[in-house]
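> would you be able to build a 3D model of this:
(one chain, ligands or ions: 2)
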Amino acid sequence: MLLVPGALASTTLPACGDDESTTDGTTTSSTGQGGAGTTSGSETTVGATTTSGMTSSSGSQSTSSSTSTSGAGGCYATFDGTDDVLVAPVGAEVGLTDGFSIGAFIDPQPLADGGTAFLAGRHADGNSNGFYLAMVNQGGTYRARLIVFTPSGTCTADGDLAGPGTWQHVLGSFSVPDMRVFVDGQLAGEAECMAATTIDSASVFTVGRSQTGVFPFAGSIDDVAYYAQPFGSGFDPAQLGCGSSAALRYSFDTTAVGRQSTVPEDCGTSADAQVGSASGPDGADPQFNCP
Ligand SMILES: [Ca+2]
Ligand SMILES: [Ca+2]
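Ligands and ions are numbered 1, 2, ... in the order given. From the prediction side, this is the model:
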């Protein structure tokens, strides 16, 4: 069992290793998310970060996209919130420890209060490596959350979401010391993080749940992308495409409906993603939809 550098002496990690930080720097525990069929264990927090909690007033969210089609267009993937996953065996192309971003369009299904859903990222077991973009539900308020693990602590930044049933674009940007969360291309939250992350060379990029199966996401997702640059100001999510230094992108538009063994990487710069946890169709496969 690992001790978190800089953490309280009594702070330990669950065996499964995934953890997340609370916004107030206190150590908390939870039962993870319900219905996931996994042992997501307790949450561990170190006092290395702050989250600005930039708020958006009620009713300020506007959505111009239809809820029946992807915010990005074309086909999208739907995850069951149990075990569905995409696994991309990435290397150096998703190996930056500083100055990167990760984004996606999501149309989430309801998440249990206190729950966390892993959207996409590169994070092996433990709390000393990698990063991921997540969605959380805190007392009925849905937030996008960027989580970056550094040698000196776990950094998080949150931005409010509209909630389930609506396509929205979320993006987390990291460039020491600036963590930014964008929702629909607008800055929705900021925090400071004083150290770069460490990339475990054994880790892979996953979509829909962590590499070890924690925090499964229920809902639809499209245009999952990793960018080899931070974002400093607002942008039009529909214009990102393979530009903006996208080093990894899955649009699912050339993935046939039904179970497939791979999802092509769009920009020709990285690895195709394997569907599910085994070669060939298995129960961990997400579904692909083309409206
Ligand atoms: Ca698409
Ligand atoms: Ca499944």
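
> run through the protein and note the low-pLDDT ranges.
Counting by pLDDT under 70, the low-confidence segments of the chain come to 1-71, 257-260.

> which residue is it, in it, that comes closest to ligand 1?
G74 (3.7 Å; Cβ to the ion). Every C-beta, even on glycine, is put in place using the N, C-alpha and C of the backbone.

> which SS state does the residue nearest to that residue when sequence neighbours are not counted fall under?
The spatially closest residue to G74, leaving aside those adjacent along the chain, is D253, at 3.9 Å (Cβ to Cβ, 6 or more residues apart in numbering). In terms of secondary structure, D253 is coil; the call rests on DSSP: H, G, I helix; E, B strand; the rest coil.

> contacting residues for D253?
73-75, 266 (Cβ atoms under 8 Å, 6 or more residues apart in numbering).

> let's see if you can find the most crowded of the residues you listed.
With neighbours taken as other Cβ atoms under 10 Å, the top of these is D266, carrying 21 neighbours.

> how many neighbours does the closest residue to that residue other than its chain neighbours have?
Excluding the flanking residues, the one nearest D266 by Cβ to Cβ, 6+ apart is R249, at 4.4 Å. Counted by other Cβ under 10 Å, the residues lying close to R249 total 23.

> same question for the one 3 residues further on.
F252 has 29 neighbouring residues, counting by other Cβ under 10 Å.

> what does D98 give?
A count of neighbours around D98, defined by other Cβ under 10 Å, yields 14.

> could you measure it against S152, distance?
Distance check for D98 against S152: by Cβ to Cβ, to the nearest Å, it reads 13 Å.

> for the contacts of D253, which one is nearest ligand 2?
Once Cβ to the ion is applied, the member of the contacts of D253 that ends up nearest ligand 2 is C75, at 18.6 Å.

> kindly provide the distance from the spatially most central residue of the chain to A273.
To find the centre residue of the chain, average its C-alpha atoms and take the closest one (Cα atoms, centre = their mean): that gives L133, at 2.1 Å. When distances are taken as Cβ to Cβ, L133 and A273 turn out to be 16 Å apart.

> near ligand 2, which residues of the stretch 1-150 of the chain show up?
Applying the criterion Cβ under 5 Å from the ion, the portion of the stretch 1-150 of the chain that neighbours ligand 2 consists of 80, 82-84.

> quick one, what contacts the residue of the chain closest to ligand 1?
With Cβ under 8 Å, 6+ apart as the criterion, the residues that contact G74 are 222, 251-253, 290.

> Q229 touches S245, doesn't it?
Yes - Q229 lies in contact with S245 (Cβ atoms under 8 Å); the separation is 4.3 Å.

> C-alpha coordinates for stretch 178-198, CSV please?
As requested, C-alpha coordinates have been extracted for stretch 178-198 and formatted as CSV (Å, rounded to 0.1, in the frame of the first residue of the first chain):
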residue,chain,number,x,y,z
ASP,A,178,-2.6,26.3,-14.3
MET,A,179,-5.4,23.7,-14.4
ARG,A,180,-8.5,24.8,-16.4
VAL,A,181,-11.8,23.1,-17.0
PHE,A,182,-13.8,24.2,-20.0
VAL,A,183,-17.5,23.4,-20.6
ASP,A,184,-18.8,23.9,-24.0
GLY,A,185,-15.7,25.8,-24.8
GLN,A,186,-16.1,28.3,-22.0
LEU,A,187,-13.8,28.5,-18.9
ALA,A,188,-15.8,26.9,-16.1
GLY,A,189,-13.2,26.4,-13.4
GLU,A,190,-9.6,26.9,-12.5
ALA,A,191,-7.1,25.6,-9.9
GLU,A,192,-3.4,25.7,-9.3
CYS,A,193,-1.1,22.7,-9.5
MET,A,194,2.6,23.2,-8.7
ALA,A,195,4.1,20.1,-10.2
ALA,A,196,4.1,18.1,-13.4
THR,A,197,2.6,14.6,-13.5
THR,A,198,4.6,11.4,-13.9
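
> buried sites along that stretch?
For stretch 178-198, burial by neighbour count (16 or more other Cβ atoms under 10 Å) applies to 179-185, 187-191, 193, 195-197.

> okay, among those residues, which ones form the most distant pair?
For those, the maximum inter-member distance is 29.4 Å, found between D184 and A195 (Cβ to Cβ).

> the residue nearest to the centre of the chain belongs to a helix?
No - according to three-state DSSP, L133 belongs to no helix; its state is strand.

> ok, it - contacts?
Contact analysis of L133 by Cβ under 8 Å, 6+ apart lists 102-104, 119-121, 144-147, 170-172.
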